[in-house]
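Asks: Take a look and give me a structure for this.
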Amino acid sequence: MNLNVGHGLVVVSFLLLLLGSYATLFSAFYPETGIWMLDILAQDTHYKYWIVMLIPTTTYFVIANWVGWQYYRNS
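Replies: I've put the predicted structure just below:
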């Protein structure tokens, strides 16, 4: 089986999605795992929500930028 960069990118993206989902959503429902990195993510109460709040902020900024660009181009 010949794996290329695209397959690796999909696998790494999926693993980061699982890690992020565990850190923000599932860590509140599961006990400590004994894996030090996952336990640090589970105990964090500040920075793990930063990415979740960054998504709507970034979306708003992109849409506002696009609308401004359309006003500039069509004026």
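Asks: What segments of this structure are helices?
Replies: Applying DSSP state H to the chain gives helices spanning 5-24, 36-43, 50-73.
Asks: Give the other helices and strands that the first one contacts.
Replies: If you count contacts as 3 or more C-beta pairs under 8 Å, 6 or more residues apart in numbering; DSSP states H and E, helix 5-24 packs onto helix 36-43, helix 50-73. For glycine as for every other residue, the C-beta is placed from the backbone atoms N, C-alpha and C.
Asks: tell me the angle the last one makes with helix 5-24.
Replies: Using axes from the mean of the first three to the mean of the last three C-alpha atoms, to 10 degrees, the interaxial angle of helix 50-73 with respect to helix 5-24 works out to 120 degrees.
Asks: which parts of helix 50-73 are buried?
Replies: Of all the residues in helix 50-73, not one is buried under the rule 16 or more other C-beta atoms under 10 Å.
Asks: can you check the shortest one too?
Replies: The neighbour-count check on helix 36-43 (16+ other C-beta under 10 Å) flags 38, 41, 42 as buried.
Asks: Could you tell me the angle between that helix and helix 5-24?
Replies: Using the same axes, to 10 degrees: helix 36-43 against helix 5-24 is 50 degrees.
Asks: For helix 36-43, give me every contacting residue.
Replies: Helix 36-43 is contacted from outside by 19, 22, 23, 27, 28, 30, 32, 33, 48, using C-beta atoms under 8 Å, 6 or more residues apart in numbering.
Asks: With just CA atoms, put it into PDB.
Replies: Extracted as PDB, the C-alpha positions of helix 36-43 are listed here (Å, rounded to 0.1, in the frame of the first residue of the first chain):
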ATOM      1  CA  TRP A  36       0.300  12.600  31.600                       C
ATOM      2  CA  MET A  37      -0.400  14.700  28.500                       C
ATOM      3  CA  LEU A  38      -4.100  13.800  28.500                       C
ATOM      4  CA  ASP A  39      -4.400  14.400  32.200                       C
ATOM      5  CA  ILE A  40      -2.800  17.900  31.800                       C
ATOM      6  CA  LEU A  41      -5.300  18.700  29.100                       C
ATOM      7  CA  ALA A  42      -8.200  17.500  31.300                       C
ATOM      8  CA  GLN A  43      -7.100  19.600  34.300                       C
END
